[in-house]
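In: return atomic coordinates for the entry below.
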Amino acid sequence: AARWDAKSVRSRRVEIDLETWLNERIPAWRELLGPGAALDRTGDALPDRILADPKMLDLVCGNLVENAKKFAIDRPELSLRTEVHGSRWRIEFSDRGLGFEPSEAKKIFKRFHRAKHSAPYSISGTGLGLYLARAAGKRMKISISAESPGPRKGATFSLSGKASG
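Out: As a prediction, this is how the structure comes out:
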């Protein structure tokens, strides 16, 4: 986290085909979620050209998938929804897990912040995952936001950016 704060971690943005990148990762994310988990995808085909750092994009999305597993109420369920509006794209990661109070939507990206769940201390973690995800997103010029209708009602994390060219 200190290296991110000092901006010594650099993004090596290259042009990637976002649709292909996402489709290549879905099988690994299904495996990460574990047996009996559900992961589905709906929506638009994503741009074939965006500027992003593939390793950082893996870090960001991997964190969101891991959180869907970690904060699942029963079995992990994750829905990916993709949208394209002109040159803007969006990927939503929606789970049916523990969620959080709507007022915490901005706080959960702060260092060491842990959402106030019904059992926060029984779930391992440092409170750095979403902080690092947002920092990586900023380096790549990708926005990350979060929302939840409330505790035990799931959460949605959205990545959005602009296509290149």
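
In: list the contacts for Leu159?
Out: 60-61, 90-91, 93, 137, 142-144 (CB atoms under 8 Å, 6 or more residues apart in numbering). Any C-beta I mention is one placed from the backbone N, CA and C, and that applies to glycine too.

In: nearest the geometric middle of this structure, what residue?
Out: The residue lying closest to the centre of the chain (CA atoms, centre = their mean) is Leu64, at 3.6 Å.

In: just give the nearest non-adjacent residue to it, would you?
Out: Nearest residue to Leu64, sequence neighbours excluded (CB to CB, 6 or more residues apart in numbering): Phe93, at 4.5 Å.

In: thought the one you found was touching Ala68?
Out: Yes. Using CB atoms under 8 Å, Phe93 is in contact with Ala68, at 6.8 Å.

In: between the two, which has more neighbouring residues?
Out: Ala68 (26 against 23; other CB atoms under 10 Å).

In: which stretch of helix or strand covers that one?
Out: Ala68 belongs to helix 54-70 when elements are defined using DSSP states H and E.

In: quick one: that helix to chain centroid distance?
Out: Distance of helix 54-70 from the chain centroid (CA atoms, centre = their mean, to the nearest Å) equals 6 Å.

In: for it, which positions count as buried?
Out: Residues of helix 54-70 classed as buried: 56-57, 59-70 (neighbour count, 16 or more other CB atoms under 10 Å).

In: cool, and stretch 99-113?
Out: Buried residues in stretch 99-113, defined by neighbour count with 16+ other CB under 10 Å: 99-100, 104, 108-109.
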